[in-house]
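Peer 1: Could you look at this predicted model? Sequence included:
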Amino acid sequence: MSTTFFLIALIAVNVIVSFKGFENTYFFRKYQFHIGSILKGEQIRMITSGFLHADIAHLAFNMLTLYFFAPVVSGALGNYSFLLIYFASLIFGSMLTLFLHKNDYNYSAIGASGAVTGIIYSAILLDPSLQIFLFFIPIPIPAYLFGIGYLLYSIYGMRAKNDNIGHTAHFGGAIGGYIFSIILHPQILTENTFMVVILTIPIIIMAIMAKQGKL
């Protein structure tokens, strides 16, 4: 099957589940990431929450980002490796969120951002020359600057705690995408050493702040 089929299917599932959540509060609450419920045995939320979104803007941003970065990963590693990295990043994001917020039983979050961030990190590692266009910047910018900036913004979101978006999952997703990309394509370590090193910067910052209790 073509790359387009897998990508469109993944986006379609996100759209269908998200709109179901927009329309049905019970459905949204039942499948969102919620520490108390997960600790009681509802681990399925660690996956289903990755297909729910706060609103149409949140959904659109994640799906557009996935649409632009996913072909780089699937083109280099194949469709099944792309899906493996996507779901591994989603799960890593949920696991990190559970670890950092395990004592906050009321903590909740939603969004595909963890999985999408993993795909972003994977695409940048596979193609360091990748550039992107942002609506408010009329010139292309290096994708790695976008990736690093995205995670630094996530640190702000983690500290502000003023929305229901899973900012912590961004970091878990980045770690998942980083690790699995290297496992699936170890040549990255020698071919793109600079990018392997520089992409660890926001992850290290997050780890230090978490250890200091600042997140």
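Peer 2: Cool, got the structure.
Peer 1: Spatially central residue for the protein, please.
Peer 2: Among the residues of the chain, the one closest to the centroid is Gly114, at 2.0 Å (C-alpha atoms, centre = their mean).
Peer 1: Can you list the helices and strands that the helix or strand where it lies packs against?
Peer 2: In this structure, Gly114 sits in helix 113-126 according to DSSP states H and E. With contacts taken as 3 or more C-beta pairs under 8 Å, 6 or more residues apart in numbering; DSSP states H and E, helix 113-126 sits against helix 56-77, helix 79-100, helix 143-160, helix 167-184, helix 193-198. All C-beta atoms are positioned from the backbone trio N, CA, C, and that covers glycine.
Peer 1: Test my guess that the residue nearest to the centre of the chain contacts Gly93.
Peer 2: Yes - at 2.4 Å, Gly114 counts as touching Gly93 under the criterion of C-beta atoms under 8 Å.
Peer 1: what do those two both touch?
Peer 2: Taking C-beta atoms under 8 Å, 6 or more residues apart in numbering as the criterion, Gly114 and Gly93 both touch Gly50, Gly166, Ala169, His170, Gly172, Gly173, Gly176.
Peer 1: who's in contact with the residue nearest to the centre of the chain?
Peer 2: Counting by C-beta under 8 Å, 6+ apart, Gly114 touches 50, 89-90, 92-94, 97, 166, 169-170, 172-173, 176.
Peer 1: In JSON lines: the helices and strands packed on helix 113-126, plus mean pLDDT, distance to Leu125 and mean neighbour count.
Peer 2: Shown next, in JSON lines, are the helices and strands packed on helix 113-126 (pLDDT from 0 to 100; distance: least, C-beta to C-beta, whole Å; neighbours: other C-beta atoms under 10 Å):
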{"stretch": "helix 56-77", "mean pLDDT": "93", "distance to Leu125": "9", "mean neighbour count": "19"}
{"stretch": "helix 79-100", "mean pLDDT": "95", "distance to Leu125": "10", "mean neighbour count": "22"}
{"stretch": "helix 143-160", "mean pLDDT": "81", "distance to Leu125": "9", "mean neighbour count": "17"}
{"stretch": "helix 167-184", "mean pLDDT": "92", "distance to Leu125": "5", "mean neighbour count": "26"}
{"stretch": "helix 193-198", "mean pLDDT": "92", "distance to Leu125": "6", "mean neighbour count": "14"}
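Peer 1: Present those as TSV; the columns should include distance to Ile44.
Peer 2: Output for those, formatted as TSV (distance: least, C-beta to C-beta, whole Å):
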stretch	distance to Ile44
helix 56-77	20
helix 79-100	11
helix 143-160	24
helix 167-184	16
helix 193-198	34
